[in-house]
Every structure is written in structure tokens, then in C-alpha cells.
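> how does the following fold in three dimensions:
(2 chains)
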Amino acid sequence: MGGSTHPIESPMKQLAKAWILLMLCAAILAPFFLAHKASEMNFLNALTAPSLKHWMGTDSLGRDLLSRVLWGASVSLGVGFLAVACSVILGVMIGSIAGYGGKWWDRLLMGFSDVMLCFPVFFLILAVIAMLGPGVWKVALIIGATSWMSTARLIRAEIFSLKEREFVLAARGFGAGRFWILQRHLIPNALSPVLVNAVLSFSAAVLMESGLSFLGIGVQPPTPSWGNILMDGKATLGVAWWLLFFPGMMIFLTVLSINTLGENESHRN
Amino acid sequence: MPILEVKNLSKRFAEHDVTALDNVSFQVNEGETLGILGESGSGKSTLAKILMGFLNPDRGDIYFSGKNKQIIFQDPLLSLDPKMRVEAILKEPFQIKKISDKHFLGKKIRELLSLVELPEAFLTRYPAELSGGECQRVAIARALSQDPDLLICDEPVSALDLLTQAQILNLFLKLQKNRRLSLIFISHDLKVIHHMSDQVLILKSGRVCERDDPYAQELLANKLSPSYNN
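I've put the predicted structure just below:
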């Protein structure tokens, strides 16, 4: 609320913010400027080490690695964003119904959430992709559809503590229905911890996408993602270290930055 | 003429093995104030929640012959949504009733603010930016927006400092006089009850204490504090 004062940001948080901003710019601009460069093959230039012409070197097909890594940012972050949006929407809907729909809905939905939590998510995703086939949007939606449980539990717990508060009772006194109370009072007041959780899930989704693409069942070539660039690089690990180092650093720095910002928010709440 | 009649109201919370209300009967006359006095845990707030329909009684009947009843809560900050500005808080009861005419709402909200003696500049503030007394005035304005004929005040001044208490109590008296409001004034504070009430109901462990009961006599023998006199 209005009166809070912000302490001076730590250098770590400032660096994290700057990195995320840089990656977002890359993710937004890369498809417009680098699509051609990132897919242009030149076998004479294959596997050249980082130089002034190719800052991150080239891959086994002679494509410029910097362009591919920057374009990969748009795919990896896009998948992360869509996956988190999907998991937050599902989690908020399921958690709200469980928290405010009465005992029967609570038992049913939380039972379902327990069942979902029992599955090893990675293998669940593998099974679904085996059935539906790989693809950027499918990967994002599947990650989202299998990671809503923590959001649902957070929302449900918040709604339990909020629903007997006086401002909710006052709205009931004015004749407000359940849906009104849920969307005007309960969800807006329950959302802060969910947003912190969403930031942390975002980095988990980026990692998950990288893992799936590394295994060859996520984002399919020629579209680059950080995961499938890594996968390409593993075949030439002995001669071209840069193919693993740069995309690996991208994943590492991005996930670290997102976690740093998320941790910071959770302390503030 | 009674606006509210309560007969043999009982409520038990089985999970805590507590009888909150036991055969409580009373009536409130039009334009008058019924003070309900009792210690913590005597069933006062349960009674208020049942009267508002937030809880169902196990037994008993409630006859309300007015058009609308509203409640004012003990903690003024908790009774306002922290994510809403004062303007949105005051508009909400109208929006629930699907009244969205901007001109009408603007006029009505200005009227409500002047009724509770708050400046228009408060409309853009959040509850956390107001004092306890100011929050309670907003809560009163919100309750008055529905033109209630019965206002249930559940310890409305016990979270406020003495000076603010006196201001809010006098505001209640002024509103009651101008709008012929009936009030149910719940408190554990005898002085407040004396200052506000036409009749007094004493609750002890969920039961109504008669006037000849030693507990009631001991309570009522106390003197009224002069700080609440108009």
C-alpha cells in the first residue's frame, strides 16, 4: 500500500533485473532480426571457435551460435511464460473452487491434486508427449497442466483464512453472491503469494523445457531453444565446448536471476 | 412497535462443545437502541452473525419487519477490503444491486461521505492509509448506503482510542436521530452501553440475565462515565 518505502536494492537483485530485461529484449526482438541469420547454414564455417565475427562460435552446420541462443531466448522464455500462465489460471480456478465451493468440492479437488502430486511430473510429461507428439506450444501447455497444484493449494489456504474476514461478511450482508465475493474480494487478496510462486515456477518451466528439448522431445529443430542447442552440442563436446557452455550459461543465469527476484518478492510479502 | 423480534434463539458449536446462545429472546422497537452487554465469549458476536444471516441458528425464530439491516464490525480496518480504494468500497453495495449509473453513484457517494463527516479527498485512499476512526466512518457510510432501518453494531468502538470512541458514538446518535434508525449496540463496555441504549440486554454464557440476577445487578450498579455525555 501507499506508505511503504523501498530499501536500496542489492547489487545481486539489480544484476538479476538487468539480465532478465536483456533476455526479454532478446526474446522480443530476436525473431524479427535474427531469424534468417540463425538458420543460415555455412558448412565451411562449421564448428568455428568464438571469434570477433562469431562471438559465441558456430555449430556443426555453421550457424551463428549467438543468433541461435538469442532466438532460443524467445522460445525458452515464451514456453516458460505460457506454461506459468496456464498453471496459474488452472491453479487459481481449482484452488478457488476448493476453498469456497464447500466441503464436497474441496475433498474432490484436493484429492485430485494429491493424485497429481503423486505422479513424477517429468514422466507424466514424457507419456503425454509420447501420445500427442512434440511441439513448442504442446510442451508449454503440458508443463502448465502438470504444475498447477502448488498454486491451487496456496489459493485454497488463503481463501480459507480470508472467507470469514469482516470485509467478506460485509459483502455478504449487501447481498453479494459467491462468484462476486470470489472475484472481487477473495482472489485479489489471495494473489500475492501466488505471484511469488509463479516467478519461481517460471524458472522451473524454463528448466523443464530445456530438459525436454535436450532429450529431443521438446522444441523441434530447426527452431532453436536453449535445450535443443545443448542437445546438438553434446555430439561434438570433445571439439566444440562453446556449444554447451553458452546455452548452458544462458539457462543458468536466467534461472538464477528469476529465482533471485522471486526470493526477494517472497521476503517482501 | 417492534422492528425486530427474536424468540428462543439457540446455537451450539458441536465441534468446540460450546453453547453460544441458549434460548435468547428480545425485541427492538423502531427508532430505539437495544444495548447488548456481555463479557468475551458470552455469545454477543454469534448473536450478531445470526441476526445478519451469516450463521444459522439451531432453534428459534427471528421476525424482522424492516426493509434492510446492516452490520458494523469491531475492527474497522478488517471490515474494509485492503485492496480497494474508499470510492470502490462505497460503490460496491450499489454495484451488487446492479446500479451503475455514474452520475447517481457519484452524487450518492458524496452524500454518504458528508453524512459521516469525511472529506471527498478520502475517496482515492486505501484503508491502510486511514486511521481507525476514519475506517469506521467509511464502514458506517457503506452500511448507510442501503438505507437500513436496523443497524447492528458489533463492538464498533472497542478498537478505537477514547476520543475517537466518543466521536463515533455521537455520530451514531446523530444518525439515529436524523434517520430514525433502530440500533442493536453490542459491547462489553458498560459505559458505552449506558450512553447509547434505551434498553439493555445482558448476556452471560449465551443466556439472557434477568435484571434481578446478581450478575446483572452488579454490572448495572456501575456509574456512567462523563466523557460520553453529549
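> quick one: check the helix or strand hosting residue A:152 for contact with chain B.
Assigned by DSSP states H and E, residue A:152 belongs to helix A:149-162. No - residues of helix A:149-162 contacting chain B under CB under 8 Å from any CB of the partner chain: none, with a closest distance of 9.8 Å. (Glycine included, C-beta is placed from N, CA and C.)
> give me the buried positions along that helix.
A:149-156, A:158-159, A:162 (16 or more other CB atoms under 10 Å in any protein chain shown).
> with stretch A:169-177 instead?
Neighbour-count burial for stretch A:169-177, with 16+ other CB under 10 Å as criterion, is recorded at A:169-174, A:176.
> and for the closest residue to residue B:39 other than its chain neighbours, the neighbour number?
With CB to CB, 6 or more residues apart in numbering or on different chains as the criterion, residue B:39 has its nearest non-adjacent residue at 5.9 Å, and that residue is residue B:188. Neighbours of residue B:188 under the rule other CB atoms under 10 Å in any protein chain shown: 15.
> ok, residue B:93 touching residue B:144?
No - Residue B:93 is beyond contact range of residue B:144, at 9.8 Å (criterion: CB atoms under 8 Å).
> which residues does the helix holding residue A:152 contact?
By CB atoms under 8 Å, 6 or more residues apart in numbering or on different chains, the surrounding residues in contact with helix A:149-162 are A:87-88, A:90-92, A:94-96, A:98-100, A:106, A:109-110, A:113, A:116-117, A:168, A:182, A:185-187, A:189-190, A:193-194, A:197-198, A:201.
> likewise for stretch A:213-224?
Identification of contacts with stretch A:213-224 by CB under 8 Å, 6+ apart yields A:38-39, A:68-69, A:71-72, A:75, A:79, A:126, A:129-130, A:134-136, A:139, A:209-212, A:225-228, A:230-232.
> derive a PyMOL selection command for the buried subset of those.
To isolate the buried ones among the contacts of stretch A:213-224 in PyMOL, judged by 16+ other CB under 10 Å, type:
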select buried, chain A and resi 38+39+68+69+71+72+75+79+129+134+135+136+139+209+210+211+212+225+226+227+228+230+231+232
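> which of the contacts of stretch A:213-224 fall within helices?
Counted as lying in helices by DSSP state H, out of the contacts of stretch A:213-224, are A:38-39, A:68-69, A:71-72, A:75, A:79, A:126, A:129-130, A:136, A:139, A:209-212, A:226-228, A:230-232.
> and the closest residue to residue A:140 other than its chain neighbours, how many residues sit next to it?
Spatial nearest neighbour of residue A:140, excluding adjacent residues (CB to CB, 6+ apart): residue A:82 at 3.8 Å. Residue A:82 has 19 neighbours, counted by other CB under 10 Å.
> can you tell me how far residue A:82 sits from chain B?
27 Å (CB to the nearest CB, to the nearest Å).
> which SSE is that residue in?
helix A:65-100.
> now the next helix or strand after that helix against helix A:149-162, angle please.
Counting by DSSP H and E, the element after helix A:65-100 in chain order, helix or strand, is helix A:103-118. Here helix A:103-118 points in a direction 150 degrees away from that of helix A:149-162 (axes from the mean of the first three to the mean of the last three CA atoms, to 10 degrees).
> same for helix A:103-118, what does it pack against?
Packing partners of helix A:103-118 (3 or more CB pairs under 8 Å, 6 or more residues apart in numbering or on different chains; DSSP states H and E): helix A:65-100, helix A:149-162.
> can I get those helices in TSV with mean pLDDT and distance to residue B:28?
Formatted as TSV, the helices and strands packed on helix A:103-118 follow (pLDDT from 0 to 100; distance: least, CB to CB, whole Å):
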stretch	mean pLDDT	distance to residue B:28
helix A:65-100	90	33
helix A:149-162	94	31
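> now tell me what touches the helix ranked longest in chain B from outside.
Longest helix in chain B, counting residues (DSSP H): helix B:162-179. The contact list for helix B:162-179 (CB under 8 Å, 6+ apart) reads B:31, B:33, B:115-117, B:131-133, B:136-137, B:140, B:144, B:147, B:151, B:153, B:156-157, B:160, B:181, B:183, B:185, B:192, B:195-196, B:227-228, B:230.
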